[in-house]
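In: have a look at this prediction, sequence included:
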Amino acid sequence: MKKIFSILLVFLIFIFIYFLQSNFFIWFNIAGVKPNLFIILTLFIGIFIGKAYGFSIGIIFGLLLDFFTGKAIGINAISLAIVGLCGGIFIKNISKDSRITIMLMTIVATFIAEVISYTLQIMLFNLSIEIIPFLKIILLEILFNSMIIIIIYPIIQRAGIVIEKIFTEKKILTRYY
């Protein structure tokens, strides 16, 4: 029951982030570049719940984003699924308590997601490759996501620890005679 409630809560956070990103960050951007809060959310699901949940929730969130934005179905799903998977893989050797480590993971995840998304868009839509504008966009998005991690990391860490306990608890039924 707690797992279902937690997943519903994560879905409500997804909806809140969608409205925040589509309404608030239209006015609050740097040179037309907005942060990608979905990368941060999917990364933290992978970090605190595990790579299987990160991968599957990344696919679901990506498909919903593709459906809402009207882009080709699957681009965001693939990039967010890989971010969730990477979050689960990276955290095995890294501490969750270090803000700098989590910020570096966010930088790497943002870079990976944007490179995958850009590469898939080039392949699907037969676009020309423009390196300088892409680097500008990716650097600004990395800067934006890093600033957001610095600000909201304590909240995410507390919520992540609670969710991690819910998903990793073992239910053992023992009988004593």
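Out: Sure, I can see it. Residues are numbered from 1 along each chain as shown.
In: quick one: the helices in this structure, in order.
Out: Per DSSP state H, the chain carries helices over the ranges 2-19, 37-48, 51-69, 75-90, 99-125, 131-168.
In: flag the shaky bits of the protein, pLDDT-wise.
Out: 171-177 (pLDDT under 70).
In: what about F134, how many residues nearby?
Out: Using other Cβ atoms under 10 Å, the number of residues around F134 comes to 14. Yep, even glycine has a C-beta here, placed from its N, CA and C like the rest.
In: list the contacts for it?
Out: With contacts defined as Cβ atoms under 8 Å, 6 or more residues apart in numbering, the neighbours of F134 are Y118.
In: how near is it to I60?
Out: F134 sits 27 Å away from I60, taking Cβ to Cβ, to the nearest Å as the criterion.
In: cool, L41 as well?
Out: 12 Å.
In: so which of those two has more stuff around it?
Out: L41 (22 against 19).
In: grab the nearest non-local neighbour of the more buried one.
Out: Leaving aside its chain neighbours, L41 sits nearest to I17 (6.1 Å; criterion: Cβ to Cβ, 6 or more residues apart in numbering).
In: surely that neighbour meets T42?
Out: No: counting by Cβ atoms under 8 Å, I17 sits too far from T42 to count as a contact (10.4 Å).
In: the two: who's more crowded?
Out: Applying other Cβ under 10 Å to I17 and T42 shows that T42 carries more neighbours, namely 33 against 16.
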